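Enquirer: Generate coordinates for the sequence data below:
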Amino acid sequence: MRIFLFHYWYFSEPSLLFLLLQHRLSLSAPHVDSLSPPCEATGRRHSIASIPSHPTPDSFGCAVSMKMISYNHIPKSSILIVQHEISTLTFCKPLAPTILISNQYQKRINFITKLQCSVSSRPYASNSVDSKSDSVRMNRKQGGSSSIYSRASLLEMKNERIANRARVYDFLKSIGIQPDELDGLELPVTVDVMKERVDFLHTLGLTIEDINNYPLVLGCSVKKNMIPVLDYLGKLGVRRSTLTDFLRRYPQVLHASVVVDLAPVVKYLEGMDIKPNDIPRVLEKYPEVLGYKLEGTMSTSVAYLVGIGVARREIGGVLTRYPEILGMRVGRVIKPFVDYLESLGIPTLAVARLIETRPHILGFGLEQKVKPNVNSLKQFGVREASISSVIAQYPEIIGLDLGSRLLKQQSFLNSIINFSHGDFGKIIEKMPQIVSLSNTPVIKHVDFLKNCGFSLDQVKKMVVGCPQLLALNMDIMKLNFDYFESKMGRELDELVDFPAFFTYGLESTIRPRHRMVAKKGLKCSLAWLLNCSDAKFEERMNYDTIDMEEMEDDSSFDMNTLMEPRNDGSDSDFDEDSDEEYL
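Expert: Predicted coordinates:
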């Protein structure tokens, strides 16, 4: 049996030593040079193994040729005995090792031996790490969770989250909420927290149906999201009575950040000359404005309105009455609407004035409402040249369900007064508000005229000439007729020719002018007397004769009056647009 000795230089890991030994076993056995003297203890001789063919380099890079006497027991740190015939490795402690090495390498070998012994005496940290690694691997194989980095613990956490979410989903389904859209949304871990969230939404007036319309609201934390937003809206002045409708229209506000999202929008509205007291009313009318970006639609829509002639000082009032403008795109909504009205014959500046007084007309769908209504007006006898005048007098007419209204109103008026198709068109041209007039006042006014002594044909002529007769204040009409009959001494036919007499103020216009004409002894028609401005009437009083050609035609609406600058200070107070009927 042969024994081979390998010198063990420093190896940092036991696995590397094992690889070297495995490699050495595959080589042929080294040559045995000589035998050592007999051992004093056993009387046996030990072979001296040499490696002359390839000297081993030392730790300093120098080749070392050495001969070592083999023995049964060697230091654990430096000598390994490998028995070729045995498949296992044997490590033995030394009895009395003897190493024959040249003197010239003695000092260096002593240093290396000391280094090796010091290394061997250290605790085997790498072995402990390996043992820990083996333990971790064993735990992983066995499904243990002793390590926080083990896959089993992550899997357990995932399974626990899935189970918790399933319980939350079951709760939502039990109260009628469909959680299909909540996948991927962070939800409360426990059912109790989710129940608290649903109960809080109920206290705000939201029903299960409201939550199903926007289930993402369940992702809002009560303390972190909902309460700060509601507190901010309350401080602004949003009324509690309107809060439920507010949240139904714009539930996304509960996701918003007060500092990042809401406060900048409120500051922008104040910069548009909307008064602080009007801010809550604006938000109540159009809560969606809180979701718009300042540099986007809001700024461009305002800039376009100012560009077409809307007075800058009127912007605050326009936005207060109809804040939906802030969400309208110029290219898709506002500009096409303005261009179409211009094509009907309404000047751009007149359109701007219409927007100042009735900004809600921008909300009438161009294709869905405006164009079909214009066609309906033509079908019911309104001349194309008068379409612009009709819209300028009553802008709301292009936003009504006009076709059915016109048919109903025409049928009703024909039942009271037998109007022709052309007569109905003329009435609309002079007073387009007729389409919104209720039946009761019409009947009362027609009966009044009949009681005054006018025939049905005369009433028909008067209504066609001045449709406002069907909507005037009844008390004013009675006072004017009494003065006409008792003081003016004129025939009823003059009222048939000039029915607008009932539209003038008795004390401001009719009485003082009649006295001046009577004092001067002039004979004139009612139209010459009344159908002019005060300045023009003063000029007429200097005439010696009456020129009937100076009479002004009041049969059509003057578009120029619409384009005059407004001086009524309409932007000072918040007012609600009213659709109430003429009485």
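Enquirer: make it CA atoms for all contacts and neighbour counts henceforth
Expert: Noted.
Enquirer: Got the confidence number for Ile416?
Expert: Listed pLDDT for Ile416 reads 89.
Enquirer: Work out for me the element the spatially closest residue to it that is not a sequence neighbour sits within.
Expert: Nearest residue to Ile416, sequence neighbours excluded (C-alpha to C-alpha, 6 or more residues apart in numbering): Ile443, at 7.6 Å. Element membership for Ile443 (DSSP states H and E) is helix 439-451.
Enquirer: Pull out the buried residues from the very next helix or strand once past that helix.
Expert: Moving toward the C-terminus from helix 439-451, the next helix or strand (DSSP H and E) is helix 456-465. By neighbour count on 16 or more other C-alpha atoms under 10 Å, the buried set for helix 456-465 is 456, 458-465.
Enquirer: Residue for residue, what is the longest helix this structure has?
Expert: As assigned by DSSP state H, the longest helix anywhere in the chain is helix 151-174.
Enquirer: residues near the residue nearest to Ile416, how many?
Expert: 13 (other C-alpha atoms under 10 Å).
Enquirer: The one 5 residues further on now?
Expert: Phe448 has 15 neighbours, counted by other C-alpha under 10 Å.
Enquirer: can you check Arg281 too?
Expert: For Arg281, using other C-alpha under 10 Å, the count is 22.
Enquirer: quick one: it from Leu236, how far?
Expert: 10 Å (C-alpha to C-alpha, to the nearest Å).
Enquirer: same thing with Tyr322?
Expert: Tyr322 sits 19 Å away from Leu236, going by C-alpha to C-alpha.
Enquirer: which of these two has more neighbours?
Expert: A count of neighbours by other C-alpha under 10 Å puts Tyr322 above the other of Tyr322 and Leu236, at 22 against 17.
Enquirer: and that one, what does it touch?
Expert: 359-360 (C-alpha atoms under 8 Å, 6 or more residues apart in numbering).
Enquirer: All the strands of this structure, in order from the start?
Expert: Secondary structure of the chain by DSSP state E: the strands cover 3-7, 32-35, 47-50, 56-57, 63-64, 67-69, 79-83, 99-100.
Enquirer: got a pLDDT number for the closest residue to Met272 other than its chain neighbours?
Expert: In space, and not counting its chain neighbours, Met272 is closest to Gly316: 5.6 Å by C-alpha to C-alpha, 6+ apart. pLDDT recorded at Gly316 is 94.
Enquirer: Gly316: neighbour count?
Expert: Gly316 has 25 nearby residues by other C-alpha under 10 Å.
Enquirer: Does it touch Asp278 like I think?
Expert: No: contact criterion C-alpha atoms under 8 Å: Gly316 and Asp278 do not qualify, at 9.8 Å.
Enquirer: For the longest helix of the chain, list every residue counted as buried.
Expert: Quick answer for helix 151-174 (16+ other C-alpha under 10 Å): 152-153, 164-165, 168-169, 171-172.
Enquirer: same check, this time on stretch 487-504
Expert: 492, 495-502.
Enquirer: now swap in stretch 344-357 and tell me
Expert: Of the residues in stretch 344-357, those buried (16+ other C-alpha under 10 Å) are 344-357.
Enquirer: Considering the residues you listed, which is situated nearest to Ala263?
Expert: Nearest to Ala263 among those is Glu356, at 27.2 Å by C-alpha to C-alpha.
Enquirer: my guess is that closest one contacts Arg312, does it?
Expert: No: look at Glu356 against Arg312 with C-alpha under 8 Å: they stay out of range, at 10.3 Å.
Enquirer: Give me the residue ranges of the stretch 101-250 of the chain where confidence is low.
Expert: Scanning the stretch 101-250 of the chain for pLDDT under 70 picks out 101-152.
Enquirer: what does the chain give?
Expert: Applying pLDDT under 70 to the chain flags residues 1-152, 544-556, 565-583.
Enquirer: what about 50?
Expert: The chain contains residues with pLDDT under 50 at 1-21, 23-102, 105, 112-150, 549, 569-583.
Enquirer: still on that earlier bit, give me the residues contacting the helix holding Ile443.
Expert: 412, 416, 456, 459, 469-471, 474, 583.
Enquirer: out of these, which is most surrounded?
Expert: Leu469 (23 neighbours).
Enquirer: quick one: the residue nearest to Arg312 when sequence neighbours are not counted from Ala352, how far?
Expert: Leaving aside its sequence neighbours, Arg312 sits nearest to Val306 (C-alpha to C-alpha, 6+ apart; 6.2 Å). Val306 is 9 Å from Ala352, where distance means C-alpha to C-alpha.
Enquirer: ok, back up a step: as JSON lines, the buried residues of stretch 344-357 with distance to Gly399 would be great.
Expert: Putting those into JSON lines (distance: C-alpha to C-alpha, whole Å) gives the following:
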{"residue": "Leu344", "distance to Gly399": "16"}
{"residue": "Gly345", "distance to Gly399": "18"}
{"residue": "Ile346", "distance to Gly399": "17"}
{"residue": "Pro347", "distance to Gly399": "20"}
{"residue": "Thr348", "distance to Gly399": "20"}
{"residue": "Leu349", "distance to Gly399": "21"}
{"residue": "Ala350", "distance to Gly399": "18"}
{"residue": "Val351", "distance to Gly399": "15"}
{"residue": "Ala352", "distance to Gly399": "17"}
{"residue": "Arg353", "distance to Gly399": "18"}
{"residue": "Leu354", "distance to Gly399": "14"}
{"residue": "Ile355", "distance to Gly399": "14"}
{"residue": "Glu356", "distance to Gly399": "17"}
{"residue": "Thr357", "distance to Gly399": "15"}
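Enquirer: Could you list which of the residues you listed belong to helices?
Expert: Those of the buried residues of stretch 344-357 lying in helices (DSSP H): 348-357.
Enquirer: quick one: which of the residues you listed is nearest to Val217?
Expert: For those, the minimum distance to Val217 (C-alpha to C-alpha) is 36.7 Å, reached by Ile355.
Enquirer: Which positions in stretch 181-194 come out as buried?
Expert: 187-189, 191, 194.
Enquirer: need those residues in JSON lines with distance to Gln393, can you?
Expert: Formatted as JSON lines, the buried residues of stretch 181-194 follow (distance: C-alpha to C-alpha, whole Å):
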{"residue": "Leu187", "distance to Gln393": "56"}
{"residue": "Pro188", "distance to Gln393": "58"}
{"residue": "Val189", "distance to Gln393": "62"}
{"residue": "Val191", "distance to Gln393": "61"}
{"residue": "Met194", "distance to Gln393": "56"}
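Enquirer: Pull the contacting residues for Asn480.
Expert: Residues in contact with Asn480 (C-alpha under 8 Å, 6+ apart) are 501-502, 505-506.
Enquirer: I'd like the residues you listed written out as a markdown table, with distance to Arg332 added.
Expert: As requested, those are exported to a markdown table (distance: C-alpha to C-alpha, whole Å):
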| residue | distance to Arg332 |
| --- | --- |
| Phe501 | 46 |
| Phe502 | 46 |
| Gly505 | 46 |
| Leu506 | 50 |
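Enquirer: Thanks a lot, see you next time.
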